[in-house]
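*Asks:* Test case, fold it:
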Amino acid sequence: MLNNLFAYEHCQNIKHMVLSSILMSLLLAVCYSDKPNIIILLADDLGYGDLSAFYGHPTSSTPNLDKMARAGLRFTQFYSASPLCSPSRAALLTGRYQTRSGIWPNVFLPNSTGGLPLNETTSAEILKMQGYNTAIVGKWHLGVGFRNKYLPTSHGFDYYLGVPYSHDMCPCYVCFYPQQACFNNCSTSFTACPLFENTDIIQQPVDLTTLMARYTNAATAFIRKNAAARQHFYLYFAYQHTHHPQFASEEFRNSTIRGTFGDSLNELDWSVGKVFEALKEAGVDNNTFVFFTSDNGPSLLNQVRGGSQGLLKCGKDTTYEGGMREPAIAWMPGKIKPGQTTELAATVDLFVTIVNIAGGEVPTDRPIDGIDMSPILFQQQKSDRNYYFYYSSAPDPDDGVFATRYQQYKAHFYTKGGMAGPPYRDHDCWDAATKKKHDPPLLFNLMTDPSEQYPLGGVMYEDILNMIVNITETFNKEMTWHPSEIQASDPHVMPCCKPGCSRYPICCTCEDTTNWTTKSPTFN
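*Replies:* All right, here's what the predicted structure looks like:
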């Protein structure tokens, strides 16, 4: 299906028959244009109701994402693989539910000894084999490990600049220019947040007031350098925004009427605009596939500084819709028709989709849970996905999945609260709402009741419910759980720019000397 759109392999075969150097140059230009660049933009803890124009928040300021949405395809039924950071990111990069790779339960901490297993195949590894230059800028959150074993450069990325986990997992004192304190508590049990370039710590603690500018500088430099060299590239830009504690530079502090969350989101939106500006200036905007989404729902525990799920129920750390249904926008001029789709899709599908777009081969030596979104994206056709499984933030092999969606119907086998509490009005969302098994499962029609307020019952739904139960039982039986990579820890694994210093971990500090504002990053 994609052969007519991206005929790179065909170009390669023809190239061997071309004798003239002039014709060879022309052919390489055609092949370059037929094989797209790929950018994934991933927000952190951004809710379904947080964007302004198309997802409905009245006081958010997201003009660049709104512009992307007008020119792209907006998804209304798009899901993350988990209501938490680490497992959702593992699924995005591998096309596999997090239980298959051991990224459960919960998330990696700075002292976690595990990480995304090195025998997992990421989209970066496959695209690298297709001749792409690959980079990740931003939050990794898939493990560091001893001697930086699990950092992105071990998973197919040529370049990495970022903080390897959430920035609340280390002491935080200044979040807003020039010296304004953070509005949330951060952990003081670990070393200061490190900023890595590849496998080297170049600043510790990271300066949050300049972090977004630094990330954006690296991302746009990567785009421009590869475009100038007519080199295909894959950029995974994983923002720290809008995770708590929110932070912002001088330009964006008090830039919105939505408070600290709005300022953080506005800075994220500015960065998105700079990415599109770099694409246009480099002349590759018509040959680049860009996809924007979020890793999980909003943190309701942080109230007005935690984001908004809009009309959906609950948020982060739950398998209700607000925890896992995300805003999502696909953009590729001339290939993706602007509009809106209600087709079912998920972050696990990005792996298969971009591998196919790039002319790679999806692995056949392991189960892949993702499906190709190309029919939705490029042909305005129905999705090949009819069902989706919701794992909790702390899944258990004895429980299996918490909920299953089949077409418009969703059945909850278990429910549990998450990161919320008083004064939030829906007690189902509270952390105090412990795990509850439902037999028969709670059934909702998400097309008519996306807020999950009105359970369905009676004889007329028995066939649908039985079908979902059978699908779920089969899936649970066939799932192979990789041993957890998250549960083991050791204080000596925490990143430190001064290994072996005498007052560990508080001695782990170093000033940045790279002059990043005047010098572009050095890419491999």
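*Asks:* Tell me how many other residues surround Ala229.
*Replies:* Neighbours of Ala229 under the rule other C-beta atoms under 10 Å: 10. For glycine as for every other residue, the C-beta is placed from the backbone atoms N, C-alpha and C.
*Asks:* How much space separates it from Pro521?
*Replies:* 15 Å (C-beta to C-beta, to the nearest Å).
*Asks:* Check Ala345 too.
*Replies:* 33 Å.
*Asks:* Would you mind telling me which of these two has more residues around it?
*Replies:* Shown here are Ala345 and Pro521; by other C-beta under 10 Å, Ala345 has more neighbours (25 against 19).
*Asks:* residues in contact with the more buried one?
*Replies:* Phe75, Gln77, Phe78, Tyr79, Ala328, Met373, Ile376, Ser383, Arg385 (C-beta atoms under 8 Å, 6 or more residues apart in numbering).
*Asks:* Give me the distance from the helix or strand where the second one lies to the chain's centre.
*Replies:* Secondary-structure assignment from DSSP states H and E places Gln77 in strand 73-79. Distance, stretch centre to chain centre, for strand 73-79: 14 Å (C-alpha atoms, centre = their mean, to the nearest Å).
*Asks:* So which other helices or strands are in contact with that strand?
*Replies:* On a contact count with 3 or more C-beta pairs under 8 Å, 6 or more residues apart in numbering; DSSP states H and E, strand 73-79 meets strand 325-331, strand 339-341, strand 345-346.
*Asks:* Give me the angle between it and strand 325-331.
*Replies:* Angle of strand 73-79 versus strand 325-331, following axes from the mean of the first three to the mean of the last three C-alpha atoms, to 10 degrees, is 150 degrees.
*Asks:* what pLDDT, on average, does strand 73-79 get?
*Replies:* Strand 73-79 shows an average pLDDT of 97 in the prediction.
*Asks:* now do stretch 386-405
*Replies:* Stretch 386-405 comes out at a mean pLDDT of 97.
*Asks:* Only the buried residues of it, if you could.
*Replies:* Judged by neighbour count using 16 or more other C-beta atoms under 10 Å, the buried positions of stretch 386-405 are 387-395, 400-405.
*Asks:* Where does the prediction get shaky in the protein?
*Replies:* Scanning the chain for pLDDT under 70 picks out 1-33, 518-520, 524.
*Asks:* Which residues outside stretch 371-383 are in contact with it?
*Replies:* Residues from elsewhere that reach stretch 371-383 (C-beta under 8 Å, 6+ apart): 1-2, 5, 73, 330, 332, 335-337, 339, 341, 343-345, 349-350, 352-353, 356-357, 384-385.
*Asks:* From start to finish, how long is it in a straight line?
*Replies:* End-to-end distance of stretch 371-383 (C-alpha to C-alpha, to the nearest Å): 9 Å.
*Asks:* Could you do stretch 305-318 as well?
*Replies:* End-to-end for stretch 305-318, by C-alpha to C-alpha: 18 Å.
*Asks:* before we move on, what about stretch 125-143?
*Replies:* Stretch 125-143: ends 17 Å apart by C-alpha to C-alpha.
*Asks:* can you map out the strands along the stretch 101-250 of the chain?
*Replies:* 133-138, 159-162, 174-176, 180-181, 195-197, 200-203, 233-238 (DSSP state E, counting those that start in this stretch).
*Asks:* nearest to Phe54, of those?
*Replies:* strand 233-238 (20.5 Å; C-beta to C-beta).
*Asks:* ok now the closest one, how far from the chain's centre?
*Replies:* The answer for strand 233-238 is 11 Å, by C-alpha atoms, centre = their mean.
*Asks:* in the helix or strand following that strand, what counts as buried?
*Replies:* Using DSSP H and E, the helix or strand that directly follows strand 233-238 along the chain is helix 259-282. Residues of helix 259-282 classed as buried by neighbour count (16+ other C-beta under 10 Å): 260-276, 278-279, 282.
*Asks:* Which strands or helices does helix 259-282 pack on?
*Replies:* strand 37-43, helix 63-71, strand 174-176, helix 208-228, strand 288-294.
*Asks:* Quick one: these as CSV, columns for distance to Ala135 and mean neighbour count too.
*Replies:* Output for the helices and strands packed on helix 259-282, formatted as CSV (distance: least, C-beta to C-beta, whole Å; neighbours: other C-beta atoms under 10 Å):
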stretch, distance to Ala135, mean neighbour count
strand 37-43, 10, 24
helix 63-71, 20, 19
strand 174-176, 26, 21
helix 208-228, 5, 21
strand 288-294, 14, 24
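*Asks:* Just send the ones you listed back as CSV, with distance to Ile202 too.
*Replies:* Formatted as CSV, the helices and strands packed on helix 259-282 follow (distance: least, C-beta to C-beta, whole Å):
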stretch, distance to Ile202
strand 37-43, 22
helix 63-71, 28
strand 174-176, 18
helix 208-228, 10
strand 288-294, 27
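*Asks:* Ile126 is nearest to which of the ones you listed?
*Replies:* Nearest to Ile126, of these and by C-beta to C-beta, is strand 37-43 at 11.2 Å.
*Asks:* what angle do the closest one and helix 208-228 make?
*Replies:* Counting by the same axes, to 10 degrees, strand 37-43 lies at 170 degrees to helix 208-228.
*Asks:* Now strand 37-43 - C-alpha only, CSV.
*Replies:* Taking Å, rounded to 0.1, in the frame of the first residue of the first chain, the C-alpha atoms of strand 37-43 are listed here in CSV:
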residue,chain,number,x,y,z
ASN,A,37,11.8,12.2,7.4
ILE,A,38,10.0,11.3,10.6
ILE,A,39,9.4,13.4,13.8
ILE,A,40,7.5,12.2,16.9
LEU,A,41,6.6,15.0,19.3
LEU,A,42,5.6,13.6,22.7
ALA,A,43,4.2,15.8,25.5
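*Asks:* Looking at the contacts of Ala345, which one is closest to Ala91?
*Replies:* Closest approach to Ala91 among these (C-beta to C-beta): Tyr79, at 10.1 Å.
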